[in-house]
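# heads up, no residue letters with this:
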């Protein structure tokens, strides 16, 4: 991972001031309210920000640089500016935001104890209370702070599915760079095969039991759909075939697995390879 400081960090530095962020937020609101005409005239923007001192307002307006655009119709937010607003609005940059614990469906995939969700220190955790059994899940404050608990659980499941699928296909969910992953044996209880990938560009790392790979298999998606279940929005830790050690090793050279997926009184068996070529 490069130690060079990218110019994008300078973009974030431009909104380390409440007035400048209010300007960006006002322009983002204008874009939201009228996408075909997202422009605000100078006087409209100044009124929206409630700054009387014209010189002070102009200074902060100039400091925003290419986070905003200036044209004959006035000012509008740029794509760079919208990305900055989205990152801040997600809450992921707020180190003090916490949530939970709240009861989570299912049980710990390692010990079978009940589990809870908790968000702290910038991460969403699914845990039975034992550190070694804790799973880190994707989930921002904006995802967790809206909707009913049932809706939130479904969205966490969908976000997890999306992150795992991208990772397995070689795309970093963080920066969209290339991630290289492989399956190896985990010498923990229960012993099982585990898929692990890391991104050399941003440092993102992800890992999950090999049974989770079956979630992306088209036959598995269809199998659950026939039983009235969207497996993509089902919490993966509630599915037996996603539990560590559920897989059956068919061969070690090359490494191939069988995963048995059961729904109701029917069972579907799928074969997975070592993951290096991202094919089933």
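In hand now; what should we look at? All of these numbers come straight from a predicted model, not from anything done at the bench.

# show me where the stretch 101-250 of the chain has its strands.
For the stretch 101-250 of the chain, strands defined by DSSP state E, counting those that start in this stretch occupy the ranges 114-120, 123-127, 135-137, 180-186, 192-198, 205-209, 248-252.

# dump those to JSON lines, plus distance to residue 263.
Placement of C-beta: from N, CA and C, glycine included. Compiled in JSON lines, the strands of the stretch 101-250 of the chain are given as follows (distance: least, C-beta to C-beta, whole Å):
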{"stretch": "strand 114-120", "distance to residue 263": "22"}
{"stretch": "strand 123-127", "distance to residue 263": "23"}
{"stretch": "strand 135-137", "distance to residue 263": "23"}
{"stretch": "strand 180-186", "distance to residue 263": "25"}
{"stretch": "strand 192-198", "distance to residue 263": "22"}
{"stretch": "strand 205-209", "distance to residue 263": "19"}
{"stretch": "strand 248-252", "distance to residue 263": "18"}
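
# as a markdown table, the ones you listed with mean pLDDT and distance to residue 145 would be great.
Formatted as a markdown table, those follow (pLDDT from 0 to 100; distance: least, C-beta to C-beta, whole Å):
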| stretch | mean pLDDT | distance to residue 145 |
| --- | --- | --- |
| strand 114-120 | 97 | 9 |
| strand 123-127 | 96 | 12 |
| strand 135-137 | 94 | 16 |
| strand 180-186 | 85 | 31 |
| strand 192-198 | 89 | 29 |
| strand 205-209 | 88 | 24 |
| strand 248-252 | 91 | 41 |
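
# of all the ones you listed, which one comes closest to residue 259?
Taking C-beta to C-beta, strand 248-252 is the member of these nearest to residue 259, at 7.5 Å.

# now the element after the closest one, going C-ward?
Per DSSP states H and E, the first helix or strand lying C-terminal to strand 248-252 is strand 255-263.

# so how far is that next one off the chain centroid?
Using C-alpha atoms, centre = their mean, to the nearest Å, the mean C-alpha position of strand 255-263 is found 26 Å from that of the whole chain.

# partner strands of it, with direction?
Using DSSP bridges, the strands paired with strand 255-263 are strand 248-252 (antiparallel), strand 266-272 (antiparallel).

# so where's this protein uncertain?
1-9, 11-12, 275-280 (pLDDT under 70).

# ok, which stretches of it are helices?
8-13, 18-33, 42-49, 54-63, 79-89, 141-144, 149-168, 218-226 (DSSP state H).

# list the contacts of the fourth one.
Residues from elsewhere that reach helix 54-63 (C-beta atoms under 8 Å, 6 or more residues apart in numbering): 14, 17, 19-20, 23, 45-46, 49, 51, 68, 75.

# many thanks, I have nothing further to ask.
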